[in-house]
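Q: Fold the following and give me the result.
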Amino acid sequence: MRPADIEHLVTPGRPALRGNLLLTALKQPDLKANAALGAVRRVSLDGGESAWTHGRHDSAPAISPDGRWVAFLRAGEGDGADGSPQLHVMPSAGGEARRLTSLHLGAGEPVWAPDSRRIAFTARVPEAGRYGTPDADGETPEPAAEAPRRITRMDYRIDDVGFLRDRLQRLFVVDAVAALDQAELADLEPLTGAGFDVAHPAWTPDGTHVVFTAPPDWDAAESDARDICAIAASGGEPSVLVRCEGYSERPAFGPDGTLFYFGQSFEDHHEAAPTGLYAATPEFGAGPVAGRRLTDAETVDCEAAAGP
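A: Sure, this is the predicted structure:
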């Protein structure tokens, strides 16, 4: 293997399938640009592939339940919102992609609601005056002039992301179809507060709520565990649906309302705990329930990135 062969290391993302439309994002190093380039490709069910989008940094395709729309992330060049992944939508029959968000640190992967109109996603929201945003006086300080951070917890930073506590991940919902008719990008307000970090949004089958994972007790203390929580899509106070034994991720509802998710139990082993598939039957407003493990804890280790 020669150094130039690194450009042959193409990495596919999670596939999106609706009918005969199968899309996936491919990520590939570009030595001349000294960057990782990404594009969304259409994969034929009979074999072969073709370009679906033509951006240099496209990823995370998601097809609407009615098959009419494709949402994906596209990042441009430079700093701030223009250089960060932003939510775009285009017709599945072909056409121009429309940008729906302008978030300073970018948006996370889109998740369509059952009505094929709304999209849920997460995004990191920086504190005022950090990461190139204006402070309370309207001034944008240089990175070296930002206020010092007071670190009191071990979960303050992570590889490939950086500092966490001053840019927690929050939940957003956007009406994509309505946004397509607007000449300007709408100012979006997060559904969840600034006190805890959220991840892995998923819609309830009736489209009234969005479920997500969050630390126990709303991140009051450092923890590796994650509960499965919910909030009304129209806003309100979040609630805990499933009290998990440890880490949880990728919740998804089955046709009968059963909630499936991947999880790790910390009851016996915290380190090297195998990932299993869990199921739960939550009742909104009735308090948290416990999940039940569907796979054997000793012989099965699931790959959560594949999705339940």
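Q: From now on I want contacts and neighbour counts done on CA atoms only, so please keep to that.
A: Noted.
Q: can you pull out the strands in the stretch 1-150 of the chain?
A: 11-12, 16-18, 21-30, 35-43, 49-51, 58-63, 69-74, 86-91, 98-99, 111-112, 118-124 (DSSP state E, counting those that start in this stretch).
Q: and if you look at the stretch 151-300 of the chain?
A: Secondary structure of the stretch 151-300 of the chain (DSSP E, counting those that start in this stretch): strands located at 157-158, 162-163, 169-175, 199-203, 209-214, 227-232, 239-243, 246-253, 259-265, 276-280, 289-290, 292-293.
Q: Need those strands in JSON lines (columns: distance to residue 41).
A: Converted to JSON lines, the strands of the stretch 151-300 of the chain look like this (distance: least, Cα to Cα, whole Å):
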{"stretch": "strand 157-158", "distance to residue 41": "30"}
{"stretch": "strand 162-163", "distance to residue 41": "30"}
{"stretch": "strand 169-175", "distance to residue 41": "25"}
{"stretch": "strand 199-203", "distance to residue 41": "24"}
{"stretch": "strand 209-214", "distance to residue 41": "28"}
{"stretch": "strand 227-232", "distance to residue 41": "32"}
{"stretch": "strand 239-243", "distance to residue 41": "36"}
{"stretch": "strand 246-253", "distance to residue 41": "24"}
{"stretch": "strand 259-265", "distance to residue 41": "28"}
{"stretch": "strand 276-280", "distance to residue 41": "29"}
{"stretch": "strand 289-290", "distance to residue 41": "40"}
{"stretch": "strand 292-293", "distance to residue 41": "35"}
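Q: These into TSV, with extra columns for distance to residue 26, mean neighbour count and mean pLDDT?
A: As requested, the strands of the stretch 151-300 of the chain are arranged in TSV below (distance: least, Cα to Cα, whole Å; neighbours: other Cα atoms under 10 Å; pLDDT from 0 to 100):
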stretch	distance to residue 26	mean neighbour count	mean pLDDT
strand 157-158	24	12	92
strand 162-163	24	12	92
strand 169-175	25	22	97
strand 199-203	21	24	97
strand 209-214	26	25	98
strand 227-232	30	23	97
strand 239-243	34	23	96
strand 246-253	21	23	96
strand 259-265	25	24	95
strand 276-280	27	22	96
strand 289-290	37	16	94
strand 292-293	33	16	95
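Q: If anything else comes up later, I'll come back, but that's it for now.
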